[in-house]
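1. need the 3D shape of this:
(one chain, ligands or ions: 1)
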Amino acid sequence: MTHKKTKIYMGCMLALVSVFGLYNFTIYADDDAQYKTPLSEKALHGQALWQQNNCFSCHQLYGLGGYLGPDLTNVFSAENKGPEYIKAFLNSGVKTMPKFRFSEAEKEALTTFLKEVDASGYYPNYNATITPDGWVTIEYKNEKSQE
Ligand code: HEC
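-> Numbers count the residues shown, from 1 in each chain. Take a look at the predicted model:
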């Protein structure tokens, strides 16, 4: 490669890297992308129980986890389900789900964890609109808790 060609080549590379950098900045530095739902003290206790008792080995949250049992992301707000429904499952044991011996406080903590996970979004989330310029707007549950 001649010296001049190398310069042009380097110039093009620099331009590409800059455009890529700018592109990433506009996507990831977007304030709208900051949807936070911090867990309460009680929910954190529930999360610890969730981990210690390997609930995730059979259940998924947002599609991640084992597949022996159903996804529990929105079990709290699902029609005909909710806190009492969740608690009923915990100590009874059904099919392959083991029987746990949680105290009332532990059941409450796990239910609170599932409630706050539920409040953070939808899974699966099919409520998306694609604008003509190619952006996708997804419906978030926690959008209003931003202020
Ligand atoms: C060995 C696998 C396994 C483990 C571990 C397990 N589950 Fe389950 N769970 C299941 C299965 C299978 C079902 C579905 C039972 C049915 O529909 O009859 C279920 C159902 C449920 C349901 C009802 C879901 C619905 O939408 O109907 C809840 C709530 C639940 N489990 C919570 C938990 C929690 C919390 C833990 C941890 C403390 C846990 N499970 C641990 C297998 C498991």
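2. can you give me phi and psi for the residue nearest the centre of the chain?
-> With the centre of the chain defined as its mean C-alpha position, the nearest residue by C-alpha atoms, centre = their mean is Tyr62, 5.1 Å away. As for Tyr62, its main-chain torsions (degrees, to the nearest 10) stand at phi 50, psi 40.
3. quick check: the nearest residue to it once chain neighbours are set aside vs Gly11, distance?
-> The spatial neighbour of Tyr62 that comes closest, neighbours along the chain excluded (C-beta to C-beta, 6 or more residues apart in numbering), is Tyr123 at 4.8 Å. In this view, the C-beta of every residue, glycine as well, is placed from N, C-alpha and C. The gap separating Tyr123 from Gly11 is 46 Å, by C-beta to C-beta, to the nearest Å.
4. and those two? Which one has more around it.
-> Looking at Tyr123 and Gly11 with other C-beta atoms under 10 Å, you find the greater number of neighbours at Tyr123, namely 16 against 10.
5. how near is Ser92 to the ligand?
-> 10 Å (C-beta to the nearest ligand atom, to the nearest Å).
6. compute the number of surrounding residues for that residue.
-> Around Ser92 there are 10 other residues, counting by other C-beta under 10 Å.
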